[in-house]
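K.L.:
got a structure for you, letters missing:
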């Protein structure tokens, strides 16, 4: 997958409408909530972790058995133009609250597969193409930060990402990474 810097600011999305941005975070960040930008605090939502029952794939396609706050979030991820994820880095992956949210997006996948960049991935269920910015903070070592960036690159296919920026940084540098616009370099690593 070719990775391009995402543009900053409010862009025009599909058919000239305002671009919708979804922000999933596990901490307060310095971005204003607007009509175009909706925040989901992973650590504040009452979301049941995915059990891997696969009911959303086979018995009730596209619908999870749990009726909680994930239903509107899945719809928002499906239709947004930009996805921003901010998470503490834990063992080279997202921290548990963010990981729980993202694992519950299985209803967005069909039980069919296709080959993308020599890897096998699920076919998506009507997910709009989007740009993404992922900021991981608090990694303990440079190796853990690199593992996080590789993990993100390998898991973005499920959200139909066409442009990705990944940052592994210090906790006090998260807002700076989010403020970077089109001049951001791919895979910033600020330690």
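P.N.:
Arrived safely. Model, not experiment: these values are computed from the prediction.
K.L.:
tell me which residue is most central in the chain.
P.N.:
By CA atoms, centre = their mean, the chain has its centre lying nearest to residue 85, at 4.9 Å.
K.L.:
where do the helices sit along this structure?
P.N.:
70-79, 96-103, 142-155, 174-179 (DSSP state H).
K.L.:
most tightly surrounded among these?
P.N.:
Among the helices of the chain, helix 96-103 has the highest mean neighbour count (mean count of other CB atoms under 10 Å), at a mean of 20. C-beta here means a position set from N, CA and C on the backbone, and glycine is covered the same way.
K.L.:
quick one: the residue lying farthest from the centre of the chain from residue 157, how far?
P.N.:
Here the centre of the chain is the reference, and by CA atoms, centre = their mean the most remote residue is residue 59, at 26.1 Å. Applying CB to CB, to the nearest Å, the value for residue 59 to residue 157 is 24 Å.
K.L.:
repeat for residue 172
P.N.:
Using CB to CB, residue 172 is found at 31 Å from residue 157.
K.L.:
more crowded one of those two?
P.N.:
residue 157 (17 against 8; other CB atoms under 10 Å).
K.L.:
contact partners for the residue nearest to that one when sequence neighbours are not counted?
P.N.:
Leaving out its chain neighbours, the residue that sits closest to residue 157 by CB to CB, 6 or more residues apart in numbering is residue 121, at 4.5 Å. If a contact means CB atoms under 8 Å, 6 or more residues apart in numbering, then residue 121 has 113, 114, 115, 157, 158 as its contacts.
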